[in-house]
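Novice: Got a sequence here, can you build the structure:
(one chain, ligands or ions: 1)
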Amino acid sequence: MNRAPRLRDDAHRGERVLVIYTGGTIGMHASAAGLAPGSGFETRLARALETLSINQQSQLPAFEVESLEPLIDSSAATPLTWQRIGALIAERFADYRGFVVLHGTDTLSFTASSLAYQLQGLDRPVVVTGAMQPLEAPNSDALANAYGALRYAASATLKEVAVYFAGTLLRGVRSVKQHSEAPKAFDSPNYPLLGERVDEDFIEYPSRGLGRSQRGAPRFELASYATLAQGEVARIALWPGISAWQLEALLGDARVKGALLQLWGAGNLPDDPALLAVLAKACGEGKLLAAVSTCPQGSVRFSTYAAGAGLFDAGVLSGADMTPEAALTKLVHLLAQPIAEADRRRRFLTPLVGERQG
Ligand code: ASP
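Specialist: Sure, this is the predicted structure:
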């Protein structure tokens, strides 16, 4: 791991922000095989920030950069990656006023969601960002995203894991990547913005942030994800014609400990008792099964369709209006906790960090 102090070296440790660089397009260089993670990022970032106006530079907090080794394209991230970043923030927590995580965009929302569960009760900002173009590319969004993330990471009022991207501040556990090319690649389909950049102002909407009663005292939950990092929590989106044997092939495997189902609309699935039987069998074996919608907006409600009652009886938990990223990382997080199955089920249905409707 590299650590290099940048800008205003006179600032005390507790006034600084820690930037954790994990890889992703933001720091990539062209290679013979295409874009690949690049090194020397702290120097490159400092150089880029020096091209900002004097006024903008004066608004930046002092910061230090740590690069995780190896740097990865975030498509290679696993729950162990989430655990590693969570553990690093927890270990350095007392030393910094806030944190920026620079991450590939492909699985950025998974990491942001997982960090929210691991770092419950945050009393300072953790801002996750990345870029659609490398830092040195013409018209790159990287510098603006890094600058905005640093500004929000120095906020005294932001007290949760957020994603900053293309001028908008989103609740991390409500964020999704919604565009594969445009600079405005992230959205928060079921929750309003936590803040946004308006010209040179970085505005927050405090009434949308996690309130003190919702947040509670810092109570980091840093359980090991080692036994859940190789696909033990699966994700299955319905398609017309899905059959019980296919569900059984996945859920019947002894290695699978939980699964996220993506149902149609408000919580519908084909009217096939064999499908429900597979789900009931898996739940009966103690597997943690939850459901959200294939629709990016809205909520699943098991009471809307007759099929929903069957899901409830089978033991499938409603993910309400959670994003798939928030629901899947929550399943991993709860399965990693040394708690009884009934507690896991109760906690899944309870908003822990503003990830779902109550
Ligand atoms: N494949 C890259 C990654 O997720 C995409 C990006 O960063 O935008 O690491």
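
Novice: And the helices in the stretch 101-250 of the chain, which stretches?
Specialist: In the stretch 101-250 of the chain, the helices defined using DSSP state H, counting those that start in this stretch lie at 108-118, 142-153, 212-215, 244-251.

Novice: so which of the ones you listed comes closest to the ligand?
Specialist: Minimum separation from the ligand across those (CB to the nearest ligand atom) falls at helix 108-118, 6.9 Å. All C-beta atoms are positioned from the backbone trio N, CA, C, and that covers glycine.

Novice: same for the closest one, what does it pack against?
Specialist: The contact analysis (3 or more CB pairs under 8 Å, 6 or more residues apart in numbering; DSSP states H and E) places helix 108-118 against helix 79-92, strand 98-102, strand 126-129, strand 161-165, strand 176-177, helix 324-336.

Novice: what angle sits between the last one and helix 108-118?
Specialist: Inter-element angle recorded for helix 324-336 and helix 108-118: 40 degrees (by axes from the mean of the first three to the mean of the last three CA atoms, to 10 degrees).

Novice: Put the alpha carbons of helix 324-336 into PDB.
Specialist: Provided in PDB are the C-alpha atoms of helix 324-336 (Å, rounded to 0.1, in the frame of the first residue of the first chain):
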ATOM      1  CA  PRO A 324     -30.700  -5.300  -6.200                       C
ATOM      2  CA  GLU A 325     -27.200  -4.100  -5.100                       C
ATOM      3  CA  ALA A 326     -28.500  -3.200  -1.700                       C
ATOM      4  CA  ALA A 327     -30.500  -6.400  -1.300                       C
ATOM      5  CA  LEU A 328     -27.700  -8.700  -2.400                       C
ATOM      6  CA  THR A 329     -25.000  -7.100  -0.200                       C
ATOM      7  CA  LYS A 330     -27.400  -7.100   2.700                       C
ATOM      8  CA  LEU A 331     -27.900 -10.900   2.300                       C
ATOM      9  CA  VAL A 332     -24.100 -11.400   2.300                       C
ATOM     10  CA  HIS A 333     -23.800  -9.100   5.300                       C
ATOM     11  CA  LEU A 334     -26.500 -10.800   7.400                       C
ATOM     12  CA  LEU A 335     -25.300 -14.300   6.500                       C
ATOM     13  CA  ALA A 336     -21.800 -13.300   7.700                       C
END
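
Novice: what's downstream of it, the next helix or strand?
Specialist: Heading C-terminal from helix 324-336, the first helix or strand you meet, by DSSP states H and E, is helix 341-349.

Novice: give me phi/psi at the residue in the stretch 1-150 of the chain that the ligand sits nearest to?
Specialist: Taking CB to the nearest ligand atom, the ligand has its nearest neighbour within the stretch 1-150 of the chain at Gly104, 1.9 Å off. Backbone torsions of Gly104, given as degrees, to the nearest 10, read phi -60, psi 150.

Novice: circling back to that earlier point, as CSV, the helices of the stretch 101-250 of the chain with mean pLDDT would be great.
Specialist: As requested, the helices of the stretch 101-250 of the chain are exported to CSV (pLDDT from 0 to 100):
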stretch, mean pLDDT
helix 108-118, 98
helix 142-153, 98
helix 212-215, 84
helix 244-251, 98
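
Novice: Relative to Lys257, which of those helices is closest?
Specialist: Nearest to Lys257, of all the helices of the stretch 101-250 of the chain, is helix 244-251, at 10.4 Å by CB to CB.

Novice: can you list the residues that contact that closest one?
Specialist: With CB atoms under 8 Å, 6 or more residues apart in numbering as the test, helix 244-251 has contacts from 234, 236, 256, 259, 272, 274-275, 277-279, 281-282, 287, 289.

Novice: mind redoing it with 7 Å?
Specialist: Residues outside helix 244-251 that contact it (CB atoms under 7 Å, 6 or more residues apart in numbering): 234, 236, 256, 259, 272, 274-275, 277-278, 282, 287.

Novice: Weed out the non-buried ones from the residues you listed.
Specialist: Among those, the ones that count as buried by 16 or more other CB atoms under 10 Å are 234, 236, 256, 259, 275, 278, 282, 287.

Novice: and those, which of them are in helices?
Specialist: With helices taken from DSSP state H, the overlap with these comprises 275, 278, 282.

Novice: Out of the helices and strands packed on helix 108-118, flag the one nearest Gly211.
Specialist: Within the helices and strands packed on helix 108-118, the stretch nearest Gly211 is strand 161-165; the backing value is 15.1 Å (CB to CB).

Novice: quick one: Leu334 and Phe348 touch, right?
Specialist: Yes: using CB atoms under 7 Å, Leu334 makes contact with Phe348 at a distance of 5.9 Å.

Novice: Can you pull up the residues of the stretch 51-200 of the chain that come close to the ligand?
Specialist: The stretch 51-200 of the chain comes close to the ligand at residues 73-75, 104-106, 130, 132, as judged by CB under 6 Å from any ligand atom.

Novice: rewinding a little: quick check, nearest of the ones in helices among the buried ones among the contacts of helix 244-251 to the ligand?
Specialist: Nearest to the ligand among those, with distances taken as CB to the nearest ligand atom, is Ala282, at 31.1 Å.

Novice: Excluding residues flanking it in the chain, which one is nearest that closest one?
Specialist: Leu251 (4.2 Å; CB to CB, 6 or more residues apart in numbering).
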